[in-house]
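K.L.:
Everything below, folded, please.
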Amino acid sequence: MLVAAALLSLLGLTGCSQLKTLFETRPSEKMPQYHPVEVEYLDQHWSADQRQWFYHTAQGTELVPYKWFLALEQPRIKIFGTVPRFSDSDYLARFGFLPDSTGPQNPDGLPVGFAKDTVVDPVSGETVEVIGLTCAACHTGQFEYKGKGVRVDGGSGTVDLASFQTELGFAVGFTAKVPFRFDRFAEKVLGKNASSDAKSKLRREFDAFLNDGMAEKTAADDGRLYAVEGGFGRTDALARIGNFVFGTELDNANLRVADAPVSFPPLWYTSWFGWVQYNGSIQQPMVRNIGEALGVRARVNLTDPAKLYCSTVNVKNLHSLEDQLAGPSAFAGLHSPIWPANVFGPLDQTKVQQGQKLYAQHCQHCHLPPLDSPEIQDPKYWEAGQQGRRFLKLNLIPLDEIGTDPGEATEWARRTAVTGALGLGTVSAAEGLRAVTRKIADMNYDVLGLTPDQRTQWNGYRDDGVIAPLGYRARPLAGIWATPPFLHNGSVPNLYQMLLPASQRDKTFYVGNREFDPKNVGFSTAPFDGGFEFRTDQPTSPNPGNSNLGHEFSNAAGKGVIGPELSDDQRWEVIEYLKSM
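P.N.:
Now for the predicted structure:
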């Protein structure tokens, strides 16, 4: 969904009963209630200051002007009393955002993943103070167990971005249509003594924002672009990048259905992977990070020949973020989390030792040796970068071999874009993304006056390759215990079911609960108020992209079988070893 989503029906509503009916169907009415817990921060090689900087450092994305965000009220009707702020942390927690304290990076005490930023609009040229999403919104995890919380930096987030953005659209719509609400909004934004001219100007800007959002929503509805819901912790990242860049910012004819949601991946050690994304499609960190920023609504001008490739992307911050994640040498930046035995219980070392042997036998040929083992230094596991640097050579497993849901890989491979004013003709999505991100990077490098050597360093010592292979890469399994649900699309709820034949995995389960299951290693999957029902019943399901087939240990032969069926004792031994990685 979109920032100004869910407004089409609202614009025609005038009666209180109609507003009440609409109010009862809003996303937040169906979202879970999370209760505050005392949080333990694991030692992942970051200081408290580095953690806070990561949580709230802008990358150039924009949702709405910053003052608007603080002034918006929750889209609810109250006859008496004040309507709470939209930006209230307890309210935003319902969408999976993690609360955080005030500080230099976060003056208004917003949750993890929000940043105050000043950008230059790439169309109008005006300087605007905005609220945007940071990397941390989707890449900070939290587990809760018996009233205690465990924060995982760089982990898989569990936010529901689509529902949040839909609700933000309702808040904008209510401000425009509910009596007296815009007046309260204007007073908060402009102050009590604002002139009538200032109020009129704000109203024009607000209505223009509303109309732009409505046009975007209409295009999405007409094309049924987002009918397949991601729910908590998932989004169709590559499709949304393509839709915003090639569609919204270029030409709506390039919009495509996004029906292959994937889980937010963990970030530790990814700076040292030769190729990234689940389908191994992007080689260079700067290309990946600019693309990610565009996917969460950093703006770029792709239609005005005089301003082509002008953008809000904060390339300098993206480089600094990558530096902090990577560290000065391989695996010296953000570390994978170590199993917190004081919270989840100690490991059985006998099972760990047995599981290590089984891992070497059944898993290592795809997922590589443990990153802390001497064996990983073998040159066969590395590929050459620029200026003598080297990067992990991850195995890319063909779709017919791995057998997991093919949606993300196949849809990216067949996507094309008509480039209009860019003058490239009709190109593949891979070629188009490479061209746009390279131009954005080079324009910023020019402004910053970077030397050729500095540009190489900011590019991560790698070429800007973007491809569309029909396969999924097997990442190292360090910290895998902290990344449920599993498979690239989050269709397997815990590690135990990952080791079962696919026919024995849950067809339906609930996501959104942060209560951890340390035995099976995953979140609690039982139904609960506000939970998102994840349905995997493929291939007849109306939900493409959600298949839980493939990557199975089974005595049956065929597509997706990667090893023999394990005994139950062997499964628990493998799980215990994976907890220790």
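
K.L.:
which residue ranges form the helices in the stretch 151-300 of the chain?
P.N.:
Assigned by DSSP state H, counting those that start in this stretch, the helices in the stretch 151-300 of the chain fall at 161-177, 181-190, 196-222, 237-242, 285-295.

K.L.:
and the first one, average pLDDT?
P.N.:
Along helix 161-177, the predicted local confidence has a mean pLDDT of 94.

K.L.:
just the fourth one next, same as before
P.N.:
Confidence for helix 237-242, expressed as mean pLDDT, is 94.

K.L.:
how far is it from where the chain is centred?
P.N.:
Taking Cα atoms, centre = their mean, to the nearest Å, the mean C-alpha location of helix 237-242 is offset from the chain mean by 11 Å.

K.L.:
and what of stretch 433-445?
P.N.:
So, by Cα atoms, centre = their mean, the centroid of stretch 433-445 is 22 Å from its chain's centroid.

K.L.:
Just the CA atoms of that stretch, as CSV, please.
P.N.:
Backbone C-alpha positions of stretch 433-445 (Å, rounded to 0.1, in the frame of the first residue of the first chain) are rendered in CSV as follows:
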residue,chain,number,x,y,z
LEU,A,433,18.2,-0.3,-11.9
ARG,A,434,21.9,-0.3,-12.7
ALA,A,435,21.7,2.8,-14.8
VAL,A,436,19.6,4.8,-12.3
THR,A,437,21.6,3.9,-9.3
ARG,A,438,24.9,4.5,-11.0
LYS,A,439,23.8,8.0,-12.2
ILE,A,440,22.6,8.9,-8.7
ALA,A,441,25.9,7.7,-7.1
ASP,A,442,28.1,9.5,-9.7
MET,A,443,26.2,12.8,-9.3
ASN,A,444,26.7,12.7,-5.6
TYR,A,445,30.3,11.7,-5.9
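
K.L.:
tell me which residues of that stretch are tucked away?
P.N.:
Residues of stretch 433-445 classed as buried by neighbour count (16 or more other Cβ atoms under 10 Å): 433, 434, 435, 436, 437, 438, 439, 440, 441, 443, 444, 445. All C-beta atoms are positioned from the backbone trio N, CA, C, and that covers glycine.

K.L.:
taking the residues you listed one by one, which sit in helices?
P.N.:
Among the buried residues of stretch 433-445, the residues falling in helices (DSSP state H) are 433, 434, 435, 436, 437, 438, 439, 440, 441, 443, 444, 445.

K.L.:
Quick check: mean pLDDT of stretch 571-581?
P.N.:
For stretch 571-581, the per-residue pLDDT averages 98.

K.L.:
residues in contact with it?
P.N.:
Stretch 571-581 is contacted from outside by 336, 339, 347-348, 351-352, 354-356, 358-359, 362-363, 370, 477-481, 495-496, 499-500, 520-521, 566, using Cβ atoms under 8 Å, 6 or more residues apart in numbering.

K.L.:
give me every residue that touches the nearest residue to residue 330 once chain neighbours are set aside.
P.N.:
Nearest residue to residue 330, sequence neighbours excluded (Cβ to Cβ, 6 or more residues apart in numbering): residue 272, at 5.1 Å. Going by Cβ under 8 Å, 6+ apart, residue 272 touches 326, 330, 331, 391, 392.

K.L.:
any idea how far residue 272 is from residue 322?
P.N.:
11 Å (Cβ to Cβ, to the nearest Å).

K.L.:
Residue 549 now?
P.N.:
Residue 549 is 35 Å from residue 322, by Cβ to Cβ.

K.L.:
again, but for residue 151
P.N.:
Per Cβ to Cβ, residue 151 is found 21 Å from residue 322.
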